[in-house]
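Chemist: My questions are about this predicted structure, shown below with the sequence.
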Amino acid sequence: MTAVRFRAVIVDDEPLPRERIATLLSSHPEVEIAAECGDGAEAVRVIAETRPDLLFLDIQMPELDGFEVLEALDGDQLPAVIFVTAFDEYAVRAFEVSAIDYLLKPIDPARFEQALGRALQRMTTSPDAGGELLSFLSRWRAQRGFAARFVVRSGGKVTFVRPQDVDWIDAAGNYVRLHSGGRQHLVRETMKSIESRLDPEIFVRVHRSAIVNIDRVASLEPYFHGEYVVVMRDGSKLTSSRSHSGRLRTLLKSES
């Protein structure tokens, strides 16, 4: 009897593809199905709880797509991934950015065996799948343009924050902290990365560790040597560095 070596989670909002993958996996006793998920938010919670080795991940899902599921996970929770999609352009992109492999719907058994075989081999010989996926997420963020929303995970709960609802942002170790309506949300991302996904006509960096929504700036108070105290509408006060003050003044003048 073959011992279980790897644990897998199947994520797809459609029951038939989930069933198809589960059936095909049944002939591989070395892979145990730890869970099946019907939406992205559930997947984030389940992956954090079960810590699978392998993830079959649908790309196109409502509310939270496959890429956003990965984005919501901590770096040490990233398993090996086989993307599942009905759209060739997504599959090709996923494959080209170092995903282990991809499957097109409807899933062909021979193609499944090929993808699973490659995944099993890579997990055996090079178990650091998380590093490859972190690199992938970094490239994906750079290519997708301005963010439509930020995915925030707190415990087992996944919430969404729209950029237009963010008052200001500051650095918090390996995270950034979104300040929105008196609440704070931690997102695992760098200041440089999150700045690249914000509309520069609305958001401006006032310091190496702070970005503000200019629509939420109440006033600027002169400080020392060309610096300003940026007073936000929520009462927060931030100090703009001299190197960033010019851009802030220009944007605020254009709004007046």
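Modeler: Sure, I can see it.
Chemist: Gly155: neighbour count?
Modeler: The number of residues packed near Gly155 is 7, by other CB atoms under 10 Å. (Glycine included, C-beta is placed from N, CA and C.)
Chemist: any idea how far it lies from Ala115?
Modeler: 33 Å (CB to CB, to the nearest Å).
Chemist: ok, now Val204?
Modeler: According to CB to CB, Val204 and Ala115 sit 45 Å apart.
Chemist: show me where pLDDT drops low in the stretch 151-256 of the chain?
Modeler: Scanning the stretch 151-256 of the chain for pLDDT under 70 picks out 156, 251-256.
Chemist: OK, contacts around Met61?
Modeler: Val11, Asp12, Asp13, Asp39, Gly40 (CB atoms under 8 Å, 6 or more residues apart in numbering).
Chemist: ok, now which ones touch the closest residue to the second one other than its chain neighbours?
Modeler: So the one you mean is Asp12. Leaving aside its sequence neighbours, Asp12 sits nearest to Asp58 (CB to CB, 6 or more residues apart in numbering; 4.0 Å). Residues counted as contacts of Asp58 (CB under 8 Å, 6+ apart) are Val11, Asp12, Asp13, Glu14, Pro17, Gly66, Phe83, Val84, Thr85.
Chemist: are any of the residues you listed buried, and which?
Modeler: Neighbour counting by 16 or more other CB atoms under 10 Å classes Val11, Asp12, Asp13, Pro17, Gly66, Phe83, Val84, Thr85 among those as buried.
Chemist: If I look at the second one, what pLDDT would I see?
Modeler: Listed pLDDT for Asp12 reads 97.
Chemist: Wait, it touches Arg20, no?
Modeler: No: Asp12 lies out of contact with Arg20 (CB atoms under 8 Å); the separation is 9.1 Å.
Chemist: which residues in this structure form helices?
Modeler: Secondary structure of the chain (DSSP state H): helices located at 15-25, 40-50, 66-72, 88-96, 109-125, 129-143, 191-196, 242-255.
Chemist: quick one, which of the ones you listed is nearest to Val151?
Modeler: Shortest distance between Val151 and those, using CB to CB, is found for helix 66-72: 4.4 Å.
Chemist: Send me that closest one as PDB with only the CA atoms.
Modeler: Output of helix 66-72 as PDB, limited to C-alpha atoms (Å, rounded to 0.1, in the frame of the first residue of the first chain):
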ATOM      1  CA  GLY A  66      -7.100  32.400  -8.200                       C
ATOM      2  CA  PHE A  67      -4.400  35.000  -8.300                       C
ATOM      3  CA  GLU A  68      -6.000  36.900  -5.500                       C
ATOM      4  CA  VAL A  69      -6.200  33.700  -3.400                       C
ATOM      5  CA  LEU A  70      -2.400  33.400  -3.600                       C
ATOM      6  CA  GLU A  71      -2.000  37.100  -2.900                       C
ATOM      7  CA  ALA A  72      -4.000  36.700   0.300                       C
END
